[in-house]
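>>> Pasting the sequence and the predicted model now:
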Amino acid sequence: MAHLNRVLRSINSDDASRCVDVFLRPEGSVGFEEYRRDVEDGSGWFAIGGYGSRTFDNETSAFEAALAEVPWLRGIVGSAKQA
């Protein structure tokens, strides 16, 4: 089955072993999920956050929720603002 959500924003951790995607669902709601991968494994990304079913009205709300829930993401975003 094809993945129907469209990724609006994807942010990787510094070591590229985790990422957070903010996505748009086909019906118009927005969500986010945290993923991880084992680089040496090659199996791809696995959802680990359990956030994917949460629903938001817009990208900003979903991203703010992701910042509140995913500790490493706050560090990445804070670093980007200082650069």
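Looks like it arrived, so ask away.
>>> Can you give me the pLDDT of the most centrally placed residue in the chain?
Central residue of the chain (Cα atoms, centre = their mean): Val20, 1.9 Å from the mean position. In this model, Val20 is scored at 98, pLDDT.
>>> Which strands and helices lie in contact with the host helix or strand of it?
Per DSSP states H and E, Val20 falls inside strand 18-24. Using 3 or more Cβ pairs under 8 Å, 6 or more residues apart in numbering; DSSP states H and E as the contact test, the elements touching strand 18-24 are strand 6-12, strand 30-36, helix 59-69. In short, each C-beta sits where N, CA and C put it, glycine included.
>>> residue contacts, the residue nearest to the centre of the chain?
Ser10, Ile11, Phe32, Glu33, Glu34, Tyr35, Gly49, Ala66, Val70, Leu73 (Cβ atoms under 8 Å, 6 or more residues apart in numbering).
>>> Settle this for me: the fifth one is touching Ala65, isn't it.
No - the pair Glu34 and Ala65 fails to qualify as a contact (Cβ atoms under 8 Å) at a distance of 11.4 Å.
>>> Between these two, which is the more surrounded one?
Applying other Cβ atoms under 10 Å to Glu34 and Ala65 shows that Glu34 carries more neighbours, namely 22 against 17.
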